[in-house]
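>>> sequence below, structure please.
(4 chains)
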4 protein chains.
Amino acid sequence: MSVSASEQFASDNYSGVCPQAWNAMAEANRMDEPAYGEDRWTQRAADGLRALFDTDCDVYFVFNGTAANSLALAAIGQSFHSVICHELAHIETDECGGPEYASNGAKLLLGQGPNGKLTPESIEHLVTKRTDIHYPKPKAVSLTQATEVGTLYTPEELKAIRDVADRHRLSIHMDGARFANAVAALDVHPAEITWKAGVDVLCFSGTKNGLAMGEAVVFFNHDLAEDFEWRCKQAGQLASKMRFISAPWCGLLEQDVWLENARHANACAARLEAGLRDLPNVTIRYPRQANGVFVDLPETVQSALRDRGWRFYNFIGGCARLMCSWSTTEAQVDRFLADVRALLLE
Amino acid sequence: MSVSASEQFASDNYSGVCPQAWNAMAEANRMDEPAYGEDRWTQRAADGLRALFDTDCDVYFVFNGTAANSLALAAIGQSFHSVICHELAHIETDECGGPEYASNGAKLLLGQGPNGKLTPESIEHLVTKRTDIHYPKPKAVSLTQATEVGTLYTPEELKAIRDVADRHRLSIHMDGARFANAVAALDVHPAEITWKAGVDVLCFSGTKNGLAMGEAVVFFNHDLAEDFEWRCKQAGQLASKMRFISAPWCGLLEQDVWLENARHANACAARLEAGLRDLPNVTIRYPRQANGVFVDLPETVQSALRDRGWRFYNFIGGCARLMCSWSTTEAQVDRFLADVRALLLE
Amino acid sequence: MSVSASEQFASDNYSGVCPQAWNAMAEANRMDEPAYGEDRWTQRAADGLRALFDTDCDVYFVFNGTAANSLALAAIGQSFHSVICHELAHIETDECGGPEYASNGAKLLLGQGPNGKLTPESIEHLVTKRTDIHYPKPKAVSLTQATEVGTLYTPEELKAIRDVADRHRLSIHMDGARFANAVAALDVHPAEITWKAGVDVLCFSGTKNGLAMGEAVVFFNHDLAEDFEWRCKQAGQLASKMRFISAPWCGLLEQDVWLENARHANACAARLEAGLRDLPNVTIRYPRQANGVFVDLPETVQSALRDRGWRFYNFIGGCARLMCSWSTTEAQVDRFLADVRALLLE
Amino acid sequence: MSVSASEQFASDNYSGVCPQAWNAMAEANRMDEPAYGEDRWTQRAADGLRALFDTDCDVYFVFNGTAANSLALAAIGQSFHSVICHELAHIETDECGGPEYASNGAKLLLGQGPNGKLTPESIEHLVTKRTDIHYPKPKAVSLTQATEVGTLYTPEELKAIRDVADRHRLSIHMDGARFANAVAALDVHPAEITWKAGVDVLCFSGTKNGLAMGEAVVFFNHDLAEDFEWRCKQAGQLASKMRFISAPWCGLLEQDVWLENARHANACAARLEAGLRDLPNVTIRYPRQANGVFVDLPETVQSALRDRGWRFYNFIGGCARLMCSWSTTEAQVDRFLADVRALLLE
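So this is what the prediction gives:
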């Protein structure tokens, strides 16, 4: 089914390719180029990411987020190690065992924390509660920034997690499916919430930010990146015509398009939230901090909205998840709000 | 490094996106669409492949060829099974253990045969030489069509292999990295060299035929396709914005663009071969049947060609591998031939 | 550290080899025998198990319980499938990711139920709550009989689980680390709580019942056993001198030694429970049904018991886990009880 | 089928448990002991191996040779790495993909060399012939000592291989299925053909030397042993009643029983070879250096020997493989020779 741009808050994955990424892809299509990343665009995109993060990181491009996260985690530990993540983390709930597959069996240990954020105490508990060999040895902490419920880790929170990670020799992986939205919302330099806060490897999503596909795996810890290109190749994550992933990344990076796209999505979400917040029988479930609004609406209202053509997913407990993207428009937000108001007040 | 269209016979992977695929992609970018293949394009592309093969096959789209082959083989057997392939097969020589990884350890058993083609006798030998449990039980035969050295299995040859496969309960996988070129060269209906010849699953490459990326895994044997969508998801091969793979496939399938692209590439290779064949100190190594010419040229000539800007790979023993694609031009072929002649005769 | 037989309730794994198993092993050592299970003993042990279960099951011997469970589960599903088990199941809590490793990534879905027993409702919930491809498709239910907390599934409870399994096409795996104790305690024919109750594959522990090592994987569902001998071989679970596992199994099976061993262990646990039940500040945590007693004792008492040389493990929340085995003696039980009484009442 | 001690040269795996190992096992069965290697015997056996090798190595006990080799190799490299071994190596020919399974996909690269021994040149060739990411990066060399065809690497040969390994940063794994026989035959200190010759990890077989089961994985390179106990646990290779593996190892180590067993087996093989060497129509295929004799005998003679009750395997090309063990007797050798002579000369 096709979806008009005016009807959906289902996912930032429903959006298309933003103009700047498209133009870069078109530019890359003007002539033949070497394969497997030996082209000009891939070099330029990787350099662009190094400039963005202001450090000499190792950059690899893979096709999608499941692969980025799974391979990055596999690079951190062995099959008998474990990864600590929040119980709501995407790697636990929505990757069909991708991390377990790529690592050949590493278990995820599920931690807690309010608003979808793992606390240092929860990490500490999972590491120290058992140290016997029947329990897979924790080797990594995986954080999602912004989280699955649209909240953010502050630089201070990240540093507190780095402290506990240091005490237990854990590497930190960041699932940055909406990393751009986090940077935009926190209004910080990307370095502040990555390597300066102790993140070892970031999976930076291009797809949700406006590409057709393609994620950057950014290693701030060079040791973890050893032979990572072989890992990508073996796992079916090395694009032969790599430039069609890397050129659009150039389009995102130049002129800070990635940041503009994220700011726009965040602003749409803020507008949505503002319009919903004070309505009767409406509760904002989680603090709205990035590009998603999680809102409890009466079921009859949700159903009526769908009848009017609106698309959105339900999250645990039936609340509506409203995601905004680079392609969401203010007019769309306002139409949605008008429909909600009409349904609530009729 | 950038490569002008006039300089390379390195790989059909160096070429860009053909106009029809590009236009379909642009069309798919006009509005938001559901993710993960729930869009209109994916349905249309899968239906298009079913129409093409004139049978109700199961179709899945993945990002690249390593993934297509590895996951298809993993769907056929377990970790303790084995796959029989030619010793020159891409799955053996150039996928960095991809099939072993996806299957969690299945071994490839290497067979022989002239011109890169596995013979029934070689398959028979590998299956029957041992049947003890210390030897991984053969479960699949993998054939490459066109082969790594640019040759073709005729329908009759495929049927003879099917006979031996039937005797030993083996499934047949076809690596169709250059399947389009094979269909064009053999001038047969695609069904004739797939399901009518006993192929269980085909990995049909779109990338080498003119896409940015994206391969179709086509199961003619429905049993093997059971839950394959979960396999793709877990392995990081489910595109969230799937339409950017499937819409270009629609572009290839409609008006038989895929076949035109292949015919064009084959014709360029034939022109190359014709121009090289009778030159002194030049030997065509393998029968030129599809879009690649493997030719022994004096090393000094090869070196001089590279100095003039030509790019091509060397195959075993140092012969030049000259690959043509949809974007190769007759003028380019003629310039190359002129350069070779000049160098040989100077 | 060595442990005198009079001091430990730590584990049925601390016990040695029972006399009948030892004698069979000695008998098997009298002359050379073919390797890899081609010996007389292996055939006899497998036939003995078929006679015991009164059905034509497929029997394989592996070295330990982690392997038995992991390989049996891997035989049921693929990497992208999932296994439903109780949150207290050994495969989840104490096998260091063994099932995930053997299956190359299958997730365990954790269900609930009182007294360590999975309920049909919990299974139903886990199967039906999601059916999308981002969630690993449930393929197996794993039940532990007796459970980790020493409780039992009745034949009726097993049948109710079989019903839900049938509705959702799930296979049933039984972790029988203490299967013998369950049969003894329920006083049923082994068939009643396995194939007649819908169990597809049982991992029947010999080690905890009185062997040095060696578990039987018993497939009542022949389809699941396809090529299982290759799986064992590849996974390093095929003993070359197999008779040293299978002959002791003969020792257990003949004259129903296995059952006597289990009855003895259960009786010791019953005696322990009876002596503890009415003491002040003592609570039996779970119904004592097989060979383990889980008892809340004041921490000072636990500590004083350890000072007196008693060994036992603590379970979740600090309760003492007291396991009895074939080698536990009544005198030992009585000495322990006397010590507990003295400490509680001093 | 049962085999009388007088009839078989099939395998050192057909032999039983030697008296000293048996007695140690019986001693270990006298009382309860902590599980999972926390017992006295396991410590003593590990210390015994450290004393034997005269260095502070890390020692782990696993159930069988496939597991020992597969897990040791998995500890060296990742799934996308490769292992260089001789084309006749057991890990290639007889472990049903065990190394590929444990490593989740590492390929074996097959080298050559006369008499089953890998040459430095062959290793060099396999490492240097390709360095692209489509080729799994070599990370380990695996040597079998004694080899599959009963030959030996001298300390000098091992050092030459260490040189090439150093140049390419490869670790060296030694499959010591018949390591004891090699030490006995070379008459060297065990250190001379292991860590002093640059071996990083040795899989030292107890089974073929006189145990019921149980191999020692001995890491001379401590870095490679990191968390190896977790790897064993996850892979189903941690014996709960570990003392029944480690105590017999104590029996082998004390009084150099392992060496006596090996010397005896070697002497029997030498006697066999001496008796066969000058017979008509008999050719010794490989230099007889340890406990195996590979001999070409007329097929009619082989068949007649089998009719007389003799058991032995055939190796590639139909030659008879005659293996001696600790339990082979001189009388048995002489009876066999008499039968061969009678058959050849009749």
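>>> residues making contact with the strand or helix carrying residue A:331?
Assigned by DSSP states H and E, residue A:331 belongs to helix A:330-345. Helix A:330-345 is touched from outside by A:5-7, A:9, A:268, A:271-272, A:275-276, A:279-282, A:297-298, A:300-301, A:304-305, A:308, A:310, A:322, A:324, with contacts defined as Cβ atoms under 8 Å, 6 or more residues apart in numbering or on different chains. For glycine as for every other residue, the C-beta is placed from the backbone atoms N, C-alpha and C.
>>> one more time with 6 Å
Here helix A:330-345 makes contact (Cβ atoms under 6 Å, 6 or more residues apart in numbering or on different chains) with A:6, A:268, A:271, A:272, A:275, A:279, A:301, A:304, A:308.
>>> so which of the residues you listed belong to helices?
A:268, A:271, A:272, A:275, A:301, A:304 (DSSP state H).
>>> pLDDT score assigned to the second one?
Translated: residue A:271. At residue A:271, the model reports a pLDDT of 98.
>>> and it, how many neighbours?
18 (other Cβ atoms under 10 Å in any protein chain shown).
>>> that one and chain B, how far apart?
18 Å (Cβ to the nearest Cβ, to the nearest Å).
>>> try the third one
In this structure, residue A:272 and chain B are 16 Å apart, going by Cβ to the nearest Cβ.
>>> ok, now which ones touch residue A:173?
Residue A:173 neighbours (Cβ under 6 Å, 6+ apart): A:72, A:73, A:140, A:142, A:201.
>>> ok, now residue A:257?
residue A:20.
>>> ramachandran angles for it?
Per-residue torsions, residue A:257: phi -60, psi -40 (degrees, to the nearest 10).
>>> with adjacent residues omitted, what lies nearest to the residue most central in space within chain A?
Nearest to the mean C-alpha position of chain A, by Cα atoms, centre = their mean, lies residue A:177 at 1.2 Å. Nearest non-adjacent residue to residue A:177, counting by Cβ to Cβ, 6 or more residues apart in numbering or on different chains: residue A:205, 4.7 Å away.
>>> hmm, that neighbour is touching residue A:215, no?
Yes. Look at residue A:205 against residue A:215 with Cβ atoms under 6 Å: they come within range, at 5.2 Å.
>>> what touches both of those two?
Common contact partners of residue A:205 and residue A:215 (Cβ under 6 Å, 6+ apart): residue A:65.
>>> those two: which is more packed in?
residue A:215 (32 against 27).
>>> what's the distance between the more buried one and chain C?
17 Å.
>>> contacting residues for the residue nearest to that residue when sequence neighbours are not counted?
Excluding the flanking residues, the one nearest residue A:215 by Cβ to Cβ, 6+ apart is residue A:68, at 4.1 Å. Taking Cβ under 6 Å, 6+ apart, we find residue A:68 in contact with A:62, A:203, A:215, A:217.
>>> with just CA atoms, put the longest strand along chain A into PDB.
Secondary structure of chain A read by DSSP state E shows that its longest strand is strand A:137-144. C-alpha atoms of strand A:137-144 as PDB (Å, rounded to 0.1, in the frame of the first residue of the first chain):
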ATOM      1  CA  LYS A 137      30.900 -12.900  30.900                       C
ATOM      2  CA  PRO A 138      29.700  -9.400  30.200                       C
ATOM      3  CA  LYS A 139      31.900  -7.600  27.700                       C
ATOM      4  CA  ALA A 140      29.800  -4.800  26.300                       C
ATOM      5  CA  VAL A 141      27.200  -2.300  27.200                       C
ATOM      6  CA  SER A 142      24.900  -1.300  24.400                       C
ATOM      7  CA  LEU A 143      23.100   2.100  24.600                       C
ATOM      8  CA  THR A 144      20.500   3.400  22.200                       C
END
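>>> what strands line up against that strand, and which way round?
Applying DSSP bridges to the sheet, strand A:137-144 is found paired with strand A:81-86 (parallel), strand A:171-176 (parallel).
>>> could you dump the ones you listed into JSON lines and include mean pLDDT and distance to residue C:57?
Putting the strands paired with strand A:137-144 into JSON lines (pLDDT from 0 to 100; distance: least, Cβ to Cβ, whole Å) gives the following:
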{"stretch": "strand A:81-86", "mean pLDDT": "98", "distance to residue C:57": "35"}
{"stretch": "strand A:171-176", "mean pLDDT": "98", "distance to residue C:57": "45"}
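>>> dump those strands to TSV, plus distance to residue A:231.
As requested, the strands paired with strand A:137-144 are arranged in TSV below (distance: least, Cβ to Cβ, whole Å):
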stretch	distance to residue A:231
strand A:81-86	16
strand A:171-176	14
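>>> nearest to residue C:90, of those strands?
Of all those, strand A:81-86 sits nearest to residue C:90, with 16.7 Å by Cβ to Cβ.
>>> buried residues in the closest one?
Of the residues in strand A:81-86, A:81, A:82, A:83, A:84, A:85, A:86 count as buried by neighbour count, 16 or more other Cβ atoms under 10 Å in any protein chain shown.
>>> ok, then the element right after that strand?
Downstream of strand A:81-86 (by DSSP H and E), the next one is helix A:90-93.
>>> that next one packs against which elements?
Using 3 or more Cβ pairs under 6 Å, 6 or more residues apart in numbering or on different chains; DSSP states H and E, no helix or strand is in contact with helix A:90-93.
>>> what's next to that helix, contact-wise?
By Cβ under 6 Å, 6+ apart, helix A:90-93 touches A:69, A:85, A:99, A:108, A:142, A:148.
>>> same check on stretch A:116-129?
Under Cβ under 6 Å, 6+ apart, the answer for stretch A:116-129 is A:84, A:86, A:88, A:109, A:111-113, A:138, A:141, A:147-149, A:151, A:160-161, A:164, A:168.
>>> mind listing what's buried in it?
In stretch A:116-129, counting by 16+ other Cβ under 10 Å, buried: A:116, A:117, A:118, A:119, A:120, A:122, A:123, A:124, A:126, A:127.
>>> tell me which of those residues fall in helices.
Those of the buried residues of stretch A:116-129 lying in helices (DSSP H): A:120, A:122, A:123, A:124, A:126, A:127.
>>> skipping its backbone neighbours, what lies nearest the second one in space?
Leaving out its chain neighbours, the residue that sits closest to residue A:122 by Cβ to Cβ, 6+ apart is residue A:111, at 3.7 Å.
>>> how about the one you found: which residues does it bridge to?
What pairs with residue A:111, by the bridge criterion (DSSP bridges), is residue A:86.
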